[in-house]
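Engineer: next input, structure requested:
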Amino acid sequence: MSQEHIHRLDGRIFGDPGADGMVHRAFLRAEGYTAEEVRRHPVIGICTSWSELNPCNSGFRDLAAAVKRGVEAAGGLALEFPTISISEPFSRPSSMYLRNLLAMDVEETILASPIDGVVLLGGCDKTVPGVLMGAISAGMPAVLVTAGPRPVACWQGEPTTVDAQWDVIDQRRVGALSDEDWAAFEGVIHSGPGTCNVMGTATTMAAIGELLGFALPGSALAPAAAPERDAIAEESGRLIVDVVSRGVRPRSRITMESLENAVRVTCALGGSTNALIHLEALAGRAGLRIGHERLREWSRSTPFITDVKPNGKALLSDLDAAGGIPAVAARIRHLLHEHVATAEGRTWGEVFDGLAPASVDGPIADAAEPLTPDGGISVLRGSLAPGGAVMKLAGAAASARRHRGRAVVFDGVADMWSRIDRDDLDVDADSVLVLRGVGVKGGPGIPEVGHVPIPAKLVRAGVTDMLRVTDARMSGTSSGSVVLHVSPEAAVGGPLALVRDGDEIELDTHAGRLDLLVPAEELAARAPVTGGVAPPRRGWGSLYARHALQPDEGCDFDFLVDEDLRGREVPS
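Structural biologist: Numbers count the residues shown, from 1 in each chain. Reported below is the predicted structural model:
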């Protein structure tokens, strides 16, 4: 069978009265489907990233069954198939290293299968952008169902979310936590299946799924393993049959207007900085490039209004009760494109008009009186980051927004851990901790190691935050004053490779600048420190090393971005 024929195959093959139809129906009936069931139309694939190596996604067996009920209630036939599952803690060298592999797997399986539409089950951080990237490139009608956040834990008598682990880890590092408490914390912090229970990357990407029109409005925050989450999955099964009948293709969802909505709501939420990389990758699959200037303008002019963990006090359940993502978006509707369609086909303006007013006493502030006026995320550029960098202002110290200090440089994670807690480390509270060699190529896979710990001697002195600069990413569950995704990274010879201990670095988030205050002639005389690790010569590692793009281009592979974008200069 030719590749061209495979790419034309759809669920109608099961209704064909000839030999092809008989062969396909007979093959499917081997699984126990009846003669009537194998003739149903449309045929919907359920793409699941369930895995016992991914607790975030461990509820997808039940959710897939709920989706199937919805598809069948709408008259279709639902067939479940797997894709790889990427777990943030368990994946090495990083989860981001495998996101493009997941996207390729999803795209090729969709294209090769006799289906008419697909429901995508994504949870842990990289599975949501990965399945969406694959679906956009495959071009088949798609609906997204996310895993939902896990229950809130209880630690020392208080409600506790996953972001508490960073403080507990620091307490352990400096000897302030007993063996008994350390073991007890391990047993309670993750209290069930589902994604991280704060506004981390998984929740941010679930919100983006709503804004882009792939997931049901209001679906992002429903708890994992709750009846409400099952109901969302079942309704999504009905919805995909309607989406197929309307002929809505994923690429039509990715417009500059829908991307702007997604970026602005991410900033209003104080969402994960990782989302900007994924949004650029999603744009690239549709032949678009957001670019630095748009990101800077959208983020700078969007108020941060959502007081939820890890950047605030409220829980995700509080935000859900206040109206969820639609309620946050409604507060900044004057900044959004209200004509953009939701997954159901309504416009966002119609959704906003149907919402009850959210209480001003809840976790969503009024846009006229924001938590901060200049957004939850700052997009930067300067002599240290000519390709750009980002900083999550939500949760960062106000004093760090404008800061000048001398660099303390670590070349990779091993070097950092070997020296960060030494009493003779030449560092003070005004220093700028620089971690390099951990970007896209250097990581590889730009791992989430950017939340450089405060040196132990400073922790003991009461220092709780300081400026850090890195070409790595940071967990969306983290907070603090960290400049991330510095591009180009050190491993490809970016300016970060030229920084030396004692160099002065200046950050000005108001001006959107990150600069290395060293004369150009001195920099020209320095040899870059790139890490010097030879890329793999075979397999996925070789492909990744040769084709992965930098963060400002979404870290996708150069040959996977849409053909309309390849080789074309796009305004930055």
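
Engineer: could you check how far residue 380 is from residue 276?
Structural biologist: For residue 380, the distance to residue 276 equals 12 Å [C-beta to C-beta, to the nearest Å]. Just so you know, the C-beta spots here come from the backbone N, C-alpha and C atoms, and that holds for glycine as well.

Engineer: now for these two: what residues contact both?
Structural biologist: Common neighbours of residue 380 and residue 276, using C-beta atoms under 8 Å, 6 or more residues apart in numbering, are residue 390.

Engineer: residue contacts, residue 378?
Structural biologist: Residues in contact with residue 378 (C-beta under 8 Å, 6+ apart) are 299, 300, 390, 391, 392, 393, 401, 509, 512.

Engineer: assumed it was part of a strand.
Structural biologist: Yes: according to DSSP: H, G, I helix; E, B strand; the rest coil, residue 378 belongs to a strand.

Engineer: let's have the chain start at 535 instead
Structural biologist: Right, with 535 as the first residue, what we last looked at is residue 912.

Engineer: which one is it nearest to, not counting chain neighbours?
Structural biologist: Nearest non-adjacent residue to residue 912, counting by C-beta to C-beta, 6 or more residues apart in numbering: residue 1043, 4.2 Å away.

Engineer: the one you found: what's it in contact with?
Structural biologist: Counting by C-beta under 8 Å, 6+ apart, the residues that residue 1043 touches are 908, 912, 914, 925, 927, 935, 936.

Engineer: element containing the first one?
Structural biologist: Read that as residue 908. Here residue 908, judged by DSSP states H and E, is contained in no helix and no strand.

Engineer: equivalent analysis for the fourth one, please.
Structural biologist: With elements taken from DSSP H and E, the one containing residue 925 is strand 919-926.

Engineer: which is the next helix or strand following that strand?
Structural biologist: strand 936-945.

Engineer: quick one: strands adjacent to that following strand?
Structural biologist: Applying DSSP bridges, strand 936-945 is found paired with strand 966-970 (parallel), strand 1038-1042 (antiparallel).

Engineer: now do the top helix by length along the chain: everything it contacts.
Structural biologist: Using DSSP state H to define each element, the chain has its longest helix at helix 761-780. Identification of contacts with helix 761-780 by C-beta under 8 Å, 6+ apart yields 576, 578, 593, 596-598, 600-610, 612, 650-653, 675-679, 682, 749-750, 753, 756-757, 877-879.

Engineer: so how do I select the buried members of the residues you listed in ChimeraX?
Structural biologist: Per 16 or more other C-beta atoms under 10 Å, the buried members of those correspond to this ChimeraX selection:
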select :576,578,593,596,597,598,600,601,602,603,604,605,606,608,610,612,650,651,652,653,675,676,677,678,679,682,749,750,753,756,757,877,878
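
Engineer: restricted to helices, list the contacts of helix 761-780.
Structural biologist: 596, 597, 598, 600, 601, 602, 603, 604, 605, 606, 607.

Engineer: what residues are up against the first one?
Structural biologist: Spelled out, it's residue 596. Contacts of residue 596 by C-beta under 8 Å, 6+ apart are 759, 764.

Engineer: pLDDT value on it, please?
Structural biologist: For residue 596, the pLDDT comes out at 95.

Engineer: of the ones in helices among the contacts of helix 761-780, closest to residue 661?
Structural biologist: residue 597 (12.9 Å; C-beta to C-beta).

Engineer: burial count for the residue lying closest to the closest one once chain neighbours are set aside?
Structural biologist: The shortest distance from residue 597 to any non-neighbouring residue, by C-beta to C-beta, 6+ apart, is to residue 767 (4.4 Å). When neighbours are defined as other C-beta atoms under 10 Å, residue 767 has 29 of them.

Engineer: residue 707 now?
Structural biologist: Neighbours of residue 707 (other C-beta under 10 Å): 16.

Engineer: for the spatially closest residue to it that is not a sequence neighbour, grab phi and psi.
Structural biologist: Among residues not flanking residue 707 along the chain, residue 990 sits closest, at 5.9 Å (C-beta to C-beta, 6+ apart). For residue 990, the backbone dihedrals (degrees, to the nearest 10) come out as phi -60, psi -40.

Engineer: and the pLDDT at residue 990?
Structural biologist: 92.

Engineer: now do residue 752
Structural biologist: 97.

Engineer: tell me how many other residues crowd it.
Structural biologist: That count, for residue 752 with other C-beta under 10 Å as the rule, works out to 19.

Engineer: give me the distance between the longest helix of the chain and the centre of its chain.
Structural biologist: In terms of C-alpha atoms, centre = their mean, to the nearest Å, the centre of helix 761-780 is set 23 Å apart from its chain centre.

Engineer: same question for stretch 1080-1092.
Structural biologist: 15 Å.

Engineer: and stretch 835-853, by the same measure?
Structural biologist: How far stretch 835-853 lies from its chain's middle: 17 Å, per C-alpha atoms, centre = their mean.

Engineer: buried stuff in it?
Structural biologist: 836-846, 848-853.

Engineer: what about it, how long is it end to end?
Structural biologist: Stretch 835-853 has an end-to-end distance of 23 Å (C-alpha to C-alpha, to the nearest Å).

Engineer: cool, stretch 883-896 as well?
Structural biologist: First residue to last in stretch 883-896 (C-alpha to C-alpha) measures 22 Å.

Engineer: average pLDDT for it?
Structural biologist: 86.

Engineer: what's it in contact with?
Structural biologist: 751, 848, 852, 855-857, 860-861, 863-865, 867, 872-873, 876, 898, 900.

Engineer: gap between residue 1054 and residue 1060?
Structural biologist: Taking C-beta to C-beta, one finds residue 1054 at 11 Å from residue 1060.

Engineer: just the helices in the stretch 535-684 of the chain please.
Structural biologist: 537-542, 553-563, 594-607, 630-646, 661-672 (DSSP state H, counting those that start in this stretch).

Engineer: residues near the closest residue to residue 784 other than its chain neighbours, how many?
Structural biologist: Nearest residue to residue 784, sequence neighbours excluded (C-beta to C-beta, 6+ apart): residue 670, at 4.5 Å. By the criterion of other C-beta under 10 Å, residue 670 has 29 neighbours.

Engineer: contacts only, for residue 670.
Structural biologist: With the criterion set at C-beta under 8 Å, 6+ apart, residue 670 makes contact with 784, 785, 788, 816, 819, 820.

Engineer: and the first one, what does it touch?
Structural biologist: Residues near residue 784 by C-beta under 8 Å, 6+ apart: 666, 669, 670, 672, 673, 674, 675, 676, 748.

Engineer: I'd say residue 660 and residue 624 touch.
Structural biologist: No: using C-beta atoms under 8 Å, residue 660 makes no contact with residue 624, being 11.9 Å away.

Engineer: look at those two and report which has more neighbours.
Structural biologist: Remark: of residue 660 and residue 624, residue 660 carries more neighbours, 31 against 13, as counted by other C-beta under 10 Å.

Engineer: quick check: pLDDT value at the more buried one.
Structural biologist: Value for residue 660, per-residue pLDDT: 94.

Engineer: if I look at it, how far off is residue 773?
Structural biologist: From residue 660 to residue 773 the distance is 24 Å (C-beta to C-beta).

Engineer: try residue 566
Structural biologist: 26 Å.
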